[in-house]
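Peer 1: need coordinates for the following:
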Amino acid sequence: MNNMKKYLSLCIMLLCLCSTVMAQQEKVVVKGVVTDEAKEPLIGVNVTVKDMPGLGSITDMNGHYSITMEPYRQLVFTYIGYESKEVMVKEQRTINVVMKESVTRAVDEVVITGTGVQRKLTQTGAITTVDVGELKRNPSSSIVNALAGNVPGIMARQTSGQPGKNISEFWIRGISTFGANSSAYVLVDGFERSMDEINIEDIETFTVLKDASATAIYGSKGANGVVLITTKRGKAGKIKIDAKVETTYNTRTVLQSSKTDLLMPA
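Peer 2: Predicted coordinates:
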């Protein structure tokens, strides 16, 4: 009798398991509307099922979409210039999605110029925005030395290795151009300043203006290019403290023959 009860319980469990698997494999139709934060429909939004390549749909002129899929999977909504969004499909058959604009939209990428901040797509001058993170990873404590090899078009030359005199000279528009003997025009937060006095950790943005159209506003001072630096400022939010310690030392190079001459009596 006990064995019969066990077998009966086992059969019931197997039936429940099979029904659950069949329910999960049964495909359903999910519909909805995709809009932006202003409630305007988004056209051409990609709607796909996560981890299932080839299964997807796009929104029409009114932002509507329809997709046939298995329940208990995630729908992924992607659109250029907007943050992607994932929604778990359970029992719901209508899913309306509001997509937010991406903070780092490529079409809205800006650069700092002599006349202010402009969108990169509308800027025609030769302007290079330097990745400050790459400069920080450079072992050199000097910004000028760190620029060498990281910015195209910049020629750097280090003439001395003595402590305090190991700063490189650099040219942005080449040595043969007008005013090549003068250094680049450096502006820090709008004021002329030497780059040797700036700590890399204090830099927020670093922009190099190269050609005449970008440097025309500075006149003859910009003949060798212009460097625009903005430093970090306070921001709203939690307090964040970054600490960095660097230690360097220099030793005088003495040839073996010189040591012998010093030890020998006159």
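Peer 1: mind checking the SS state of Val33?
Peer 2: Put simply, Val33 is strand when judged by DSSP: H, G, I helix; E, B strand; the rest coil.
Peer 1: same question for the one 4 residues further on.
Peer 2: For Glu37, the secondary-structure state derived from three-state DSSP is coil.
Peer 1: ok, now which ones touch it?
Peer 2: By C-beta atoms under 8 Å, 6 or more residues apart in numbering, Glu37 lies in contact with Val98, Met99, Lys100, Glu101. Quick note: C-beta positions are derived from backbone N, CA and C, even for glycine.
Peer 1: now do Arg193
Peer 2: With C-beta under 8 Å, 6+ apart, Arg193 has these contacts: Val186, Leu187.
Peer 1: roughly how far does it sit from Met69?
Peer 2: 59 Å (C-beta to C-beta, to the nearest Å).
Peer 1: which residues of the stretch 51-200 of the chain score low on pLDDT?
Peer 2: The stretch 51-200 of the chain contains residues with pLDDT under 70 at 53, 103-126, 138-142, 145, 148-153, 156-171, 173-183.
Peer 1: apply 90 and report the result again.
Peer 2: Within the stretch 51-200 of the chain, the segments meeting pLDDT under 90 span 51-58, 61, 69-73, 79-84, 90-92, 100-200.
Peer 1: which parts of it are helices?
Peer 2: 132-137, 143-147 (DSSP state H, counting those that start in this stretch).
Peer 1: switch those helices over to CSV; also include distance to Lys31.
Peer 2: Compiled in CSV, the helices of the stretch 51-200 of the chain are given as follows (distance: least, C-beta to C-beta, whole Å):
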stretch, distance to Lys31
helix 132-137, 44
helix 143-147, 55
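Peer 1: which one of those is the most hemmed in?
Peer 2: Greatest average neighbour count among the helices of the stretch 51-200 of the chain goes to helix 143-147 (a mean of 22), per mean count of other C-beta atoms under 10 Å.
Peer 1: pretty sure Val49 contacts Val76?
Peer 2: Yes: if you go by C-beta atoms under 8 Å, Val49 and Val76 touch, sitting 7.3 Å apart.
Peer 1: tell me the SS of Ile217?
Peer 2: helix.
Peer 1: any idea how many residues pack against it?
Peer 2: 13 (other C-beta atoms under 10 Å).
Peer 1: show me where the stretch 151-266 of the chain has its strands.
Peer 2: For the stretch 151-266 of the chain, the strands defined by DSSP state E, counting those that start in this stretch occupy 155-157, 169-171, 185-188, 191-192, 203-209, 226-231.
Peer 1: let me fix that: the stretch 1-150 of the chain
Peer 2: 28-35, 46-49, 56-58, 64-69, 73-78, 85-89, 97-98, 110-113, 116-119, 127-130.
Peer 1: Val49 and Val76: who's more crowded?
Peer 2: Shown here are Val49 and Val76; by other C-beta under 10 Å, Val49 has more neighbours (20 against 17).
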